[in-house]
Structures are given as C-alpha cells and as structure tokens.
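Enquirer: A structural model of the following input is requested.
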Amino acid sequence: MHVAKILAATTVAVFSFAVAAPKTQAQISVNIGPVPSCPYGYYEAPPYNCAPYGYYGPEWFTSGVFIGAGPWFHGPEHFYGHVDNHYHPEHGYHGPYPARGEAPRPEYHVDHNENFHGNEMRDGHGHVGGEHH
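Expert: The predicted model follows:
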C-alpha cells in the first residue's frame with residue numbers, strides 16, 4: 001500500500017509540472033528587406049550586391065525590369081536563365097559594379113542583349129541547372 005501511495009503522489013506531481021510548464025511555439029521570422037534596386041540585377045546570394053551589365057541574359061528581364069533572384073525571385077516556376085559567371089566575383093570578376101539605385105545606361109538594352117554569351121544556367125536562387133550546366 002505504501003508503494004501505491006508513492007506512485008500516486010509521483011504521478012500527480014509529474015502531471016502538475018507538465019500542466020504548469022509554459023508552452024512555447026517555434027517562431028521563425030525572416031525579414032529580408034526590400035528588393036535591391038540595381039540597374040542590371042543583383043547576385044542571387046547574400047549580400048545581394050548589384051551585378052554588372054552582362055551577368056544576366058535577356059530572359060531575366062521583362063520590359064527592362066529584372067525579374068529577381070534570391071528570396072525576391074518572382075519568375076515562372078522551373079525557370080532557368082542564362083548567366084555569364086565570368087562577371088561574378090567568385091569567378092574572378094574585379095570590374096566595376098553599378099550602385100544601388102543607379103539608372104541603367106541607355107546604350108545597354110538588358111532585355112534585348114543580342115551580344116550576350118552566357119556560360120551557365122541558373123534558377124534565380126543560385127542553383128545551376130537547366131539545359132546547359
């Protein structure tokens with residue numbers, strides 16, 4: 001009988017602690033901020049620096065407006081577009097970069113770039129793939 005009382009008291013104590021314990025819920029809050037305002041698009045990985053003219057192919061632009069990359073990507077599902085990764089700093093590019101908010105140069109036609117020569121296809125989130133990878 002003594003063992004039954006101890007077992008009952010222990011069960012009540014454990015139940016009381018379980019009920020009284022505060023419940024927490026996992027919350028994930030990601031604030032990515034506004035889309036970078038770059039004249040020729042921005043790299044698809046943090047810190048989302050502005051990419052120079054020639055990095056993105058014409059399929060990345062609609063009426064001269066960049067469709068996005070990284071968390072702001074708003075292109076079609078399963079989209080892959082050409083890039084010339086020679087213009088990426090991870091591949092040795094050390095040339096000029098446009099500033100955020102800078103206006104595109106009138107002689108650069110981003111959505112009608114007939115001289116573009118991409119060497120890679122990316123999906124807007126930095127993944128290489130598509131037809132030619």
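
Enquirer: OK, contacts around residue 112?
Expert: The neighbours of residue 112, taking Cβ atoms under 8 Å, 6 or more residues apart in numbering as the test, are residue 58. Every C-beta, even on glycine, is put in place using the N, C-alpha and C of the backbone.

Enquirer: With residue 89 instead?
Expert: Here residue 89 is in contact with 43, 49 (criterion: Cβ under 8 Å, 6+ apart).

Enquirer: which phi and psi does it have?
Expert: phi -60, psi -30 (degrees, to the nearest 10).

Enquirer: and what of the one 4 residues further on?
Expert: The phi and psi values for residue 93, taken as degrees, to the nearest 10, are phi -70, psi 130.

Enquirer: Quick check: it touching residue 52?
Expert: Yes: if you go by Cβ atoms under 8 Å, residue 93 and residue 52 touch, sitting 7.4 Å apart.

Enquirer: any common contacting residues for those two?
Expert: Common neighbours of residue 93 and residue 52 (Cβ under 8 Å, 6+ apart) are residue 87.

Enquirer: ranges for the strands of this protein?
Expert: 61-62, 65-66, 81-83, 120-122 (DSSP state E).

Enquirer: for those strands, which one ends up most surrounded?
Expert: Most buried of the strands of the chain by mean neighbour count (mean count of other Cβ atoms under 10 Å) is strand 81-83; its value is a mean of 22.
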